[in-house]
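A.B. asks: sequence first, predicted model second:
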Amino acid sequence: MGRWQIYATPKKATVKKYYLLVNPAGGTKKGMKILEMVKPIFDKSEVHVDILQTEYAGHANQLANTLDLSDYNGLCAIGGDGTLFEMVNGMLKRKDNQNFPLGLITGGTGNAFMHDLNCLDPIKASERIIKGNLRSVDIAKVETPNNIYYSFNIIGWGLVADAGYLAEYFRLLGGLRYDVASILEVLKGKRRISRLVLDEEVVDDDFVFVIACNTIHTGKAMRIAPNAKFDDGKIDLIIVRNASKTELLKLFPKLFTGEHVKSKLVECRQVQKFSIISDENSSLIIDGELIGSTPVHVTMEPKKINVLV
């Protein structure tokens, strides 16, 4: 009578799967070149990526909101802060309430979030995605009169937002358009009588600008909030009240180095929530996007998303 021989079936290695969004036209317009650079890294790994090209503004938001991710480990993209903003907002507004990990391969004009992660190299970012470590990140819920947005980076109001809108008229100047617009806004000397609510404290004053930061950097390596951490449950406010034109013009270059926080013009606060209520509806800039208006109410939601780092 023969013997039964039992063989253990070897377990197959679990292959991780991600969608990888590529914006061929956005930011530095190098999306496809970066894809060619990093795709071999994924091909040699045990991580499978399905590549989708975004075709229009807001497409990454739509895909993050509607893609069937049930067989995937997360959603990644080649892009910058604008792409990540779309992904975050699409993911957090999903009807199925599923919240999948997000990954970013540096490829945009503004890369504030990846700068904070010390990961501006696309190859390094790809290797981190393959490794699969997760980090929980706070998100600011931004409630405006007409919409709710989710911010991972900054909410700006006052001169910084007004300069952002004005800069759109000087696009031929490239990156210099923001500097030109900021100087022109300073020279206008506009008053902004408003109410600022910091947690439970109410402040009525004439403000130049308020920038709320979840990250140290914003835009092209500006160190707006040197003490900010994106996982401490708080948001860092940089508040500048009424000042002379000369004082403001001297202050702005210091925003790139973080030296502005030492100025007597600047008040730094850390809060869990804040509101800006202005005499008139005024513009906002959220994660580099010119969207929303006051009155605005911002609440930090700790560890709201997971990021592949």
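C.D. replies: All right, it came through fine. Note that the structure is a prediction, hence the values are computed from the model and not measured.
A.B. asks: so how far is S70 from I130?
C.D. replies: In this structure, I130 and S70 are separated by 21 Å, where distance is defined by CB to CB, to the nearest Å. Just so you know, the C-beta spots here come from the backbone N, C-alpha and C atoms, and that holds for glycine as well.
A.B. asks: neighbour count for these two, which is higher?
C.D. replies: Regarding I130 and S70, a neighbour count based on other CB atoms under 10 Å identifies I130 as having more, with 19 against 8.
A.B. asks: for I123, see how far away that one is.
C.D. replies: Counting by CB to CB - I130 and I123 are separated by 11 Å.
A.B. asks: any common contacting residues for those two?
C.D. replies: Common neighbours of I130 and I123 (criterion: CB atoms under 8 Å, 6 or more residues apart in numbering): I41.
A.B. asks: all helices for this structure, in order.
C.D. replies: 31-43, 59-66, 81-92, 112-116, 122-131, 159-167, 176-188, 245-251 (DSSP state H).
A.B. asks: mind listing the residues bridging to L104?
C.D. replies: Using DSSP bridges, the bridge partners assigned to L104 are A77.
A.B. asks: residue contacts, it?
C.D. replies: L104 makes contact with C76, A77, I78, G79, T83, L84, F113, M114, A125, V307, according to CB under 8 Å, 6+ apart.
A.B. asks: tell me the bridge partners for I148.
C.D. replies: E143.
A.B. asks: these two touch, right, it and A140?
C.D. replies: No: with contact defined as CB atoms under 8 Å, I148 does not reach A140; the gap is 10.9 Å.
A.B. asks: higher neighbour count, the two?
C.D. replies: The residue with more neighbours, out of I148 and A140, is A140; 24 against 13, by other CB under 10 Å.
A.B. asks: right, and the more buried one touches V296 too?
C.D. replies: No: between A140 and V296 there is no contact under CB under 8 Å: 10.5 Å.
A.B. asks: what is in contact with those two at once?
C.D. replies: In terms of CB under 8 Å, 6+ apart, A140 and V296 are both contacted by the residues I155.
A.B. asks: just to revisit the earlier point, tell me which of the contacts of L104 is nearest to A225?
C.D. replies: Distance from A225 was checked for each of these by CB to CB. The minimum falls on F113, at 13.0 Å.
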